[in-house]
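**Student:** Sequence plus the predicted model coming up.
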Amino acid sequence: MSRTLPTTVASAVQLTATQPKYLLDLAFSSGTVYAATWGADVSYNGQTYVSSGLEVSRLNDSSATLKFPNGTSDPWLSLVLNDGTRGVAISIYSHQYDATASPQSDAVLVFTGIMDEADISDEDVTVKVIAASAAKRVPPTPIDQPTFTYLPQAGTVISWGNDKLTVY
């Protein structure tokens, strides 16, 4: 897939030394978190992306891996445990800086998707990310009226082989 890069990004990636960083929009249920994989805060598109200690790895068109630091002063473990990660929307921007360009910094959206499972260790919280194009829900819409009109009443027992299922 070809795309047009902003002038600042295009010129920055051609420099001898670049300083790439990622900007992440993490849409947790308690509120969207704007995080930067950089040692300082980054302003972009009217938002301040806070220096976070986050790492993005294995980024490709269908998936990525996020590592949240799990130190005593890091808020990530609490956020992951309270809000969960499955189904949380994420956008990843590649941000570049070029002092000779105007504007001097710019970003391009490189990935959209949802977070999946989290693996928690003493050092970090690792979260797998799935591209939006690969994330499928079965069924793709909620099971509710008016689409599904023949739903059993709560309390109905359904026998399936040796199993019994109770509708709630």
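**Tutor:** All right, it came through fine.
**Student:** For the rest of this, base every contact and every neighbour count on C-alpha atoms.
**Tutor:** Noted.
**Student:** Quick check: Ile120 touching Lys128?
**Tutor:** No. In this structure, Ile120 is not within contact of Lys128 by CA atoms under 8 Å, at 11.8 Å.
**Student:** Between the two, which has more neighbouring residues?
**Tutor:** Lys128 (19 against 16; other CA atoms under 10 Å).
**Student:** Show me the shaky parts of the protein.
**Tutor:** Along the chain, the model assigns pLDDT under 70 to residues 1-20, 98-104, 135-141.
**Student:** State the phi and psi torsions of the residue nearest in space to the middle of the chain.
**Tutor:** By CA atoms, centre = their mean, the chain has its centre lying nearest to Ile90, at 2.5 Å. Main-chain dihedrals, Ile90, degrees, to the nearest 10: phi -140, psi 140.
**Student:** same question, Trp76
**Tutor:** phi -70, psi -40.
**Student:** in this protein, which spans are strands?
**Tutor:** 21-28, 31-36, 42-44, 47-51, 55-57, 63-69, 89-97, 105-120, 124-131, 157-160, 163-166 (DSSP state E).
**Student:** can you redo the ones you listed as CSV with distance to Asp83?
**Tutor:** As requested, these are exported to CSV (distance: least, CA to CA, whole Å):
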stretch, distance to Asp83
strand 21-28, 6
strand 31-36, 10
strand 42-44, 25
strand 47-51, 19
strand 55-57, 20
strand 63-69, 14
strand 89-97, 12
strand 105-120, 12
strand 124-131, 13
strand 157-160, 33
strand 163-166, 28
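**Student:** Out of those, the one nearest Asn82 is which?
**Tutor:** strand 21-28 (9.7 Å; CA to CA).
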